[in-house]
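> Okay, sequence plus prediction incoming.
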Amino acid sequence: MFSTAHRYLLIPAALTLIPLGAMAGEVSLSGQASVKYTPDSARLQFTASAEHNLPETATRRVNEQMEQWRNGISDYRGQLGAYSDASVNLYSRSIPSQERGQKPEKVAVASQTVSFTIDDLSLLNPILQQAQALGMDYNVGPHQFFHSDESSLRKQALAGAIADARARCEFVANELDKQCGEVININVDDGHQPPVPMMAEMRASSDTVSAVGPRELTSRVSATFELE
């Protein structure tokens, strides 16, 4: 009879088993990129208002002012986007009496607001001049200027930030005699921070805007890459 033989795997004493993951490394870093541009569009808002003891008179005066406004901008009306002049308001306010013991005088205040966008900034000054001639209230500030294709600009900045992260990874890998491998995870800072003006947003005299300054959009990412 023969006894059952047991098979054994002989491993040389000098051989050490190393987990596969221990041979690989990781590097976590960030990337950033900016896109510079000049706004080509604006969101504008103007308000016509009038006061009178009689509400109907205040309302009539605002209606007349609005009619003059519509006639004055008729040449540009087709180029105004998202146009609305449906915001109408009528209220009363008290005027303090100049003499003690007398009741405050009440007056009616009527107002109508016009809002729209323009994608041709050469229209800006003619429209401002029309509003000034009619005594309309308005404010033109940095927050009202934007780029008509801002989503594309944000994508450009994001692509640049990702490329910057990859370039940093390749630099680190080269210093360690390794190669930058696949992305393990990536975090995109998509907080939609407002664009940063690079200089004075605009220069204006009493009745015109002479220049709109450039802006800068910045995108940031943080990523972990495999080192091979």
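Received it, and whenever you're ready, just let me know what you need.
> biggest helix in this protein, by residue count?
For the chain, the helix reaching the highest residue count under DSSP state H is reported as helix 150-175.
> list the buried ones in that helix?
Neighbour-count burial for helix 150-175, with 16 or more other C-beta atoms under 10 Å as criterion, is recorded at 150, 153-154, 156-158, 160-162, 164-166, 168-169, 172-173. For every residue, glycine as well, the C-beta is placed using N, CA and C.
> worst-scoring helix or strand of the protein, pLDDT-wise?
Confidence across the helices and strands of the chain bottoms out at strand 202-204, with a mean of 43, counting by mean pLDDT, DSSP states H and E.
> For the helix or strand that that strand is followed by, name the packing helices and strands.
Reading on from strand 202-204 to the C-terminus, the next helix or strand found by DSSP states H and E is strand 209-212. Taking 3 or more C-beta pairs under 8 Å, 6 or more residues apart in numbering; DSSP states H and E as contact, the helices and strands that strand 209-212 lies on are helix 124-133, strand 202-204.
> Could you tell me the angle between the helix or strand where residue 60 lies and helix 124-133?
Of the helices and strands defined by DSSP H and E, residue 60 is found in helix 55-72. Using axes from the mean of the first three to the mean of the last three C-alpha atoms, to 10 degrees, one finds that helix 55-72 and helix 124-133 are set 150 degrees apart in direction.
> Report the rounded mean pLDDT for helix 55-72.
Averaged across helix 55-72, pLDDT comes to 96.
> Tell me how far the following helix or strand past that helix lies from the chain's centre.
Remark: after helix 55-72, the chain's next helix or strand is strand 81-95, criterion DSSP H and E. For strand 81-95, the separation from the chain centroid amounts to 27 Å (computed by C-alpha atoms, centre = their mean, to the nearest Å).
> partner strands of the helix or strand that comes right after strand 81-95, parallel or antiparallel?
Once strand 81-95 ends, the next helix or strand along the chain (criterion: DSSP H and E) is strand 105-118. For strand 105-118, the pairing partners within the sheet under DSSP bridges are strand 41-52 (antiparallel), strand 81-95 (antiparallel).
> what's in contact with the last one?
If you take C-beta atoms under 8 Å, 6 or more residues apart in numbering as the criterion, strand 81-95 is touched by 55, 58-59, 66, 77, 104-119.
> Any chance of a PyMOL selection covering the buried ones in the residues you listed?
Buried residues within the contacts of strand 81-95, as defined by 16+ other C-beta under 10 Å, are selected in PyMOL through the command that follows:
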select buried, resi 58+59+66+107+108+109+110+111+112+113+114+115+116+117+118
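> Nearest approach to residue 130 belongs to which of the strands paired with strand 105-118?
When those are compared for distance to residue 130 using C-beta to C-beta, the nearest one is strand 41-52, at 9.0 Å.
> follow-up on the earlier one: what's the closest of the buried residues of helix 150-175 to residue 100?
residue 150 (57.8 Å).
> Can you list the low-confidence ranges for this protein?
Per-residue confidence of the chain (counting by pLDDT under 70) places the weak regions at 1-24, 101, 190-208.
> again, only this time at 90
By pLDDT under 90, the low-scoring segments of the chain are 1-24, 93-106, 140-143, 189-214.
> contacting residues for residue 169?
Applying C-beta under 8 Å, 6+ apart, one finds that residue 169 lies in contact with 27, 29, 180, 223, 225.
> Repeat the analysis, applying 10 Å as the threshold.
Contacts were defined as C-beta atoms under 10 Å, 6 or more residues apart in numbering; by that measure residue 169 touches 27-29, 31, 178-181, 183, 223-227.
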